[in-house]
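S.K.: Here you go, sequence then predicted model.
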Amino acid sequence: MEIKTRYTWTDITKEFKESTSTLGLGDILKDGCFSLYDAMAAIELMDPKMDAGMLCNKELCKVGSIDEAIQSGLVHPSPSLADIIGISDELMSCIATWLEGHSLAQTVLTCLHLHNIPNITSAPLSAICNAVLKICELTNHIVSSAACYEEEDFLTCTYGFDISPQPSSTKVILNLKDCEDDINKKLKRNEKVNEEELAILSRLKFWKYFVLVLTKIQRFEHSNMDALKSDISTLFHSLAPVQRTLPLGTQPVVTTSDSGQKTKTMTGFEYLINQRLLSSTPPRYISITERPEACQYLLRVFAHLDLMTGVAECTTLSGIIRFFVKFSEQGPTVLPRSCLYYIVLFENKFLGNEDFVKYVKDEVRNFSHPISFLTPFISDRFIKGIIDKFLDDVSVCVQDYLHAMSHNKGRQRRKLGGLLGTLGRLYSRTEEYDNLIHNRIAKQESTANHIRALSCWMLFITVEVMIKYLLLGWELELYQIHESHYVYCYLEHLFTWLRQTVLCGQALIQSSESLEKKLVKRHKNMKKKKRDKSHGMVLQMTNVYQMLSHAYIKAMEGFAIQGKLNDYLHRRYDNEEIRFRQRFSPLSMQSLTISYLPLDYSTYVSLSHVISDAKAGKEYELFNESLDCFKSVKEILDKIPQEHSVEFLSKVVKMNCVQMSLAIKGHNKDSSEPPILDFSICQNVPFIKVV
């Protein structure tokens, strides 16, 4: 039977190249059936970095099973010591590549030995392979449970492979220790031990502590925190001898074909064996991390894990939040971020020890000392029900805040933007709770005041999240220099509100303490509780950042008058109001439902009239005002104790004092180049460079 051809192929290469030759750099064609999305999703065929099909040739994939690998010589039934070292180092590189966001099938599972561990004759290699699978299992569990990752951070898919070895974590660690003991016995008997055996010994120790640390994190117990910190430190230092002996292992061989395509070959590995198991969508092109770079990557991971254990020293909710923020500023990878969130909220308890709600309650009590927390009133079922509902709702929001701060920087900002809507709605409910409790207590104690006792703290945490949202824009380099003026105007506005909430909290504490003294005299069984009065430092740092924001505002206004921002402010198709509303849309009244908190564009315009109404020489007055603010901040920072870690901030302030002094003297006043905001010293407070 003759089959009719229903298609014909026509070569359009010549016409295509002629048509594309008229396009400039960065130009794309747009049609009803071809949008920008289609252009971004397009794949450049025949390019190995984009077209994964280029690497799927059966000719390049030499084996399909472990038996074929043994027959071809790619896997040796009895590997040499150099092979064991090389396979261990390559597995370490594969784990580092996997943790950077690549798939398990294209990294760790390209090792052929992992698919046939029972038939491995070498005890050290068998123990290492079991350890690697256990590390993959534990890592997958911790990262999946914490859920602090995106697709570009981590891939949990195992493509049907069982990465849970039959031995338990304890058995895996014992097997590694037995292999260690065999070599150590030789050393004790003064038998000759070559450098390759010593290299294997260092790798056995490394894998043993890697499994041990992840096991302790997965089965976290608060009482084991000191032991965990000690094991992480040992793990960190165990990598040094591995680095020194990297050249002793079998190295991969890279060959280049006639077409220029490079192929990597390594004993015990087939990098394309799982290529056909990947999804039908084009898989990303990967390159296994080189061994020295993999060691450096893992050292950073272990350093961040060691830093993570410092959360055990936090005793208040504000301390926990500050720790998460500071930890995020260190730029940790997905594993340390996930481990931190995993242990902090283990079984919905702080470090698996105390209910998280207790920390929220203590924080609210220390901030505003609500009288509803006092014994005579908390015993009222109606009041207790409202307080419990408030604490439960706030606990969920704070956990969401910590969860957001455990993501990568880009995702953090989006998460915080979504969280602000939830905080705004909760603030509105909290105001209702305050009124209900106040009316209830007023019937028992006419002088009692509960207005804003809960909502004051709720507003404080909401403003803190808003400030963090804006500051992340600097860290992610989202703002242009011409946008810095209204960014700092918004920050000054928020720091003003933050200061007012702190002062409100102080006033509420004074009012509550006077009432508490009366109640203590009236109720003999009632005892006055001690509270952590930390408002002084919070108020001091809030004043510092408020003055810094004002200093940057005046500096930018001076530069704008000098014409250094004219190229940005007078573009033909630019609309500042649209930019303003777009930048701050998550902070708008529609998102927050708090009418008086967001800064409206019309209010901003009224604040920035200095630029449009400026006269010649006005910029020097503005630079002087900016300099005075920086000097005032410097004086405050000099009085703050060193344990509060303000040395970097102080350094930036001193440098800005110098730059403003130069600007006052007319340094580079004729230059049209805009100033440079350098965040290399401090992530949130820039050093101004006048160019």
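M.R.: In hand now; what should we look at?
S.K.: quick one: contacts for residue 362?
M.R.: 316-317 (CB atoms under 8 Å, 6 or more residues apart in numbering). C-beta here means a position set from N, CA and C on the backbone, and glycine is covered the same way.
S.K.: in what helix or strand does it lie?
M.R.: helix 356-368 (DSSP states H and E).
S.K.: In that helix, which residues are buried?
M.R.: When burial is assessed from 16 or more other CB atoms under 10 Å, helix 356-368 yields the following buried residues: 356-357, 359-368.
S.K.: With pLDDT and distance to residue 13 added, can I get these in CSV?
M.R.: Formatted as CSV, the buried residues of helix 356-368 follow (pLDDT from 0 to 100; distance: CB to CB, whole Å):
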residue, pLDDT, distance to residue 13
356, 92, 64
357, 93, 68
359, 93, 67
360, 93, 66
361, 93, 71
362, 92, 72
363, 93, 68
364, 93, 70
365, 91, 75
366, 91, 73
367, 92, 70
368, 89, 73
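S.K.: now those residues as TSV including distance to residue 207?
M.R.: Below are the buried residues of helix 356-368 laid out as TSV (distance: CB to CB, whole Å):
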residue	distance to residue 207
356	35
357	40
359	37
360	41
361	44
362	42
363	42
364	46
365	47
366	45
367	47
368	52
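S.K.: Looking at those, which one is closest to residue 547?
M.R.: residue 367 (23.1 Å; CB to CB).
S.K.: Was I right to think the closest one contacts residue 457?
M.R.: Yes. With contacts counted by CB atoms under 8 Å, residue 367 reaches residue 457, the gap being 4.6 Å.
S.K.: Now do the helices in the stretch 251-400 of the chain.
M.R.: 291-308, 317-329, 334-344, 356-368, 375-378, 381-405 (DSSP state H, counting those that start in this stretch).
S.K.: I'd like to know the average pLDDT value across the shortest one.
M.R.: Helix 375-378 comes out with an average pLDDT of 78.
S.K.: Then the longest one?
M.R.: On average, the pLDDT along helix 381-405 is 94.
S.K.: May I see the buried residues of the helix or strand that comes right after it?
M.R.: Counting by DSSP H and E, the next helix or strand C-terminal to helix 381-405 is helix 409-442. Within helix 409-442, the residues that count as buried by 16+ other CB under 10 Å are 411-413, 415-417, 419-420, 422-424, 426-427, 430-431, 433-434, 437-438, 440-441.
S.K.: how about the helix or strand just after helix 409-442 as CSV, C-alpha atoms only?
M.R.: Going down the chain from helix 409-442, the next helix or strand is helix 455-475, by DSSP H and E. The C-alpha trace of helix 455-475 is given here as CSV (Å, rounded to 0.1, in the frame of the first residue of the first chain):
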residue,chain,number,x,y,z
SER,A,455,-3.0,47.2,67.5
CYS,A,456,0.1,49.4,68.4
TRP,A,457,2.4,46.4,68.2
MET,A,458,0.6,45.1,65.1
LEU,A,459,1.3,48.4,63.4
PHE,A,460,4.9,48.2,64.5
ILE,A,461,5.5,44.8,62.9
THR,A,462,3.6,45.9,59.7
VAL,A,463,5.8,49.0,59.3
GLU,A,464,8.9,46.9,59.8
VAL,A,465,7.8,44.6,57.0
MET,A,466,7.1,47.6,54.8
ILE,A,467,10.6,49.0,55.5
LYS,A,468,12.2,45.6,54.7
TYR,A,469,10.3,45.4,51.4
LEU,A,470,11.7,48.8,50.4
LEU,A,471,15.2,48.0,51.5
LEU,A,472,15.2,44.7,49.5
GLY,A,473,14.8,46.9,46.4
TRP,A,474,18.3,48.3,47.0
GLU,A,475,19.8,44.8,47.6
